[in-house]
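S.K.: here is my input; please provide its structure:
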Amino acid sequence: MQTSINDNSDVYYKGLYWNDVPEVYKYMCKNFTGDENKWWVEDFKERYAKKPFEHGLFINCGNGRMEREFIDKSIVKSVDAFDYSEVLIQEAKSKRLKRDIAYFKADANRIELPLGRYDLIVNVAGLHHVQYINKFIHELGKSLKEDGMMVNFDYIGPHRNQYSHTQWKLVNKINSELPSSIRHDKLLYPSVPVMFQEDPTEAIHSDLIMESIGRYFTIVERHDTGGGIAYLLLTHNLKVKNKGVLPEIKKILHYDKQYSGQKIVPPLFSYFIAKPSHKLLSDTRLFSGFQNKENEREEWANRWGGVYRMEDYFNLIFYMLKKWVKKIVK
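M.R.: Down below sits the predicted model:
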């Protein structure tokens, strides 16, 4: 079993993202909780954690920010957390202090978890890095107690950020009509070869997250926050820091709400809560049927350099050839 993993933590926590913009933060809060001043963590605490959960699992935990927050806010008492990056695990350990957190290094695609150990699982932007998504979500479900819960905040948009022609054309049209004070001058369609080189796990099967969770869990509630327009125009756009651009930012968010509501562009981010269906989790035929399909999909991708579309494969080869030629010329 060959898995796509990323041990290079340098690609994470860099750049300016749309949710770093105060007006975007309010927009996301409003979509998630109905209150522009209430983030999803506070919403989850108020409605589901009046009494702290006993033992939680944080998946692909990165530098440990979220588990520290959940413990500090008395949402959960003790935590197990894992990541594949040794650098991030060590950073998380250095910031743990006296909090009851046990860290370990693991590949989500291969992990085996104890049955019925947790009453809470927290996923913050972790599932969109998982290759064997069916296998992993089934493993998570089995590790939850009967009344356990999984809370998620994740990117659920297109696989490897390969936006549709309609969406990308619309984004470029809106961008071209914006004043230069906010227009995104470096708006480039995501390159699979570049993404594959920097982090082959990025959005690897983001489009399968909701489907896969719905297979073994009951989705109690789901709150999408769009992003199909605004995320692309505001992320890595340093002009959002310019003075006097708030009206333009609000205009972009208006477009985002409009075209997301009309389903012209897909939602890219979601806050959702799920509970395990142990009846479905114990259905061996259900699991093996989907797992066989997943194995076939990954075996095919492995034969073609780790990509899932022939178009991406040829783009990857062309990209590698260009790099080779540049190296020879030098």
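
S.K.: contacts and neighbour counts: CA atoms only from here.
M.R.: OK.

S.K.: flag the shaky bits of this structure, pLDDT-wise.
M.R.: 330 (pLDDT under 70).

S.K.: show me where it has helices.
M.R.: Along the chain, the stretches classed as helices by DSSP state H are 22-33, 40-48, 65-72, 86-96, 133-143, 165-177, 192-198, 209-216, 230-234, 246-261, 278-281, 284-303, 310-329.

S.K.: make JSON lines out of the ones you listed and add mean neighbour count and distance to His184.
M.R.: Shown next, in JSON lines, are those (neighbours: other Cα atoms under 10 Å; distance: least, Cα to Cα, whole Å):
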{"stretch": "helix 22-33", "mean neighbour count": "19", "distance to His184": "16"}
{"stretch": "helix 40-48", "mean neighbour count": "16", "distance to His184": "29"}
{"stretch": "helix 65-72", "mean neighbour count": "18", "distance to His184": "30"}
{"stretch": "helix 86-96", "mean neighbour count": "17", "distance to His184": "31"}
{"stretch": "helix 133-143", "mean neighbour count": "23", "distance to His184": "34"}
{"stretch": "helix 165-177", "mean neighbour count": "14", "distance to His184": "7"}
{"stretch": "helix 192-198", "mean neighbour count": "17", "distance to His184": "20"}
{"stretch": "helix 209-216", "mean neighbour count": "18", "distance to His184": "29"}
{"stretch": "helix 230-234", "mean neighbour count": "23", "distance to His184": "6"}
{"stretch": "helix 246-261", "mean neighbour count": "18", "distance to His184": "12"}
{"stretch": "helix 278-281", "mean neighbour count": "15", "distance to His184": "46"}
{"stretch": "helix 284-303", "mean neighbour count": "14", "distance to His184": "34"}
{"stretch": "helix 310-329", "mean neighbour count": "13", "distance to His184": "25"}
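
S.K.: closest one to Val124 among the ones you listed?
M.R.: helix 65-72 (7.7 Å; Cα to Cα).

S.K.: OK, contacts around Glu112?
M.R.: Glu139 (Cα atoms under 8 Å, 6 or more residues apart in numbering).

S.K.: how close does Ile252 sit to Leu234?
M.R.: For Ile252, the distance to Leu234 (Cα to Cα, to the nearest Å) stands at 9 Å.

S.K.: wait, isn't Lys77 in contact with Lys51?
M.R.: No - judged on Cα atoms under 8 Å, Lys77 makes no contact with Lys51 at a distance of 10.0 Å.

S.K.: out of the two, name the residue with the larger neighbour count.
M.R.: The neighbour comparison of Lys77 against Lys51 (other Cα atoms under 10 Å) goes to Lys77, with 18 against 13.

S.K.: got a list of what that one touches?
M.R.: With Cα under 8 Å, 6+ apart, Lys77 has these contacts: 52-56, 71, 100.

S.K.: now rank these by neighbours and give me the top one.
M.R.: Ranking the contacts of Lys77 using other Cα under 10 Å puts Gly56 first, with 27 neighbours.

S.K.: tell me the bridge partners for that residue.
M.R.: Gly56 forms beta bridges with Val79, Leu120, as assigned by DSSP bridges.

S.K.: surely it touches Asp119?
M.R.: Yes - Gly56 is within contact range of Asp119, at 6.2 Å (criterion: Cα under 8 Å).

S.K.: now the residue lying closest to Lys275 once chain neighbours are set aside: how far from Gly306?
M.R.: Leaving aside its sequence neighbours, Lys275 sits nearest to Met149 (Cα to Cα, 6 or more residues apart in numbering; 4.8 Å). According to Cα to Cα, Met149 stands 33 Å off from Gly306.

S.K.: what do you get for Lys327?
M.R.: 24 Å.

S.K.: swap in Asp107?
M.R.: For Asp107, the distance to Gly306 - Cα to Cα - is 17 Å.

S.K.: same drill for those two, tell me which one is more crowded.
M.R.: Taking neighbours as other Cα under 10 Å, Asp107 and Gly306 compare with Gly306 leading, 20 against 17.

S.K.: where's the more buried one relative to Gln291, distance?
M.R.: Counting by Cα to Cα, the gap from Gly306 to Gln291 is 18 Å.

S.K.: my guess is the residue nearest to Lys275 meets Ile121, correct?
M.R.: Yes - the pair Met149 and Ile121 passes the contact test of Cα under 8 Å, sitting 6.4 Å apart.

S.K.: so which bits of stretch 73-80 are buried?
M.R.: Judged by neighbour count using 16 or more other Cα atoms under 10 Å, the buried positions of stretch 73-80 are 74-80.

S.K.: need the CA coordinates for that stretch. CSV is fine.
M.R.: In CSV, the C-alpha atoms belonging to stretch 73-80 read as follows (Å, rounded to 0.1, in the frame of the first residue of the first chain):
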residue,chain,number,x,y,z
LYS,A,73,-12.2,26.4,26.5
SER,A,74,-13.2,23.3,28.5
ILE,A,75,-14.7,21.6,25.4
VAL,A,76,-12.7,18.4,26.1
LYS,A,77,-10.7,17.2,29.0
SER,A,78,-8.0,15.1,27.4
VAL,A,79,-6.8,14.6,23.9
ASP,A,80,-4.9,12.2,21.6
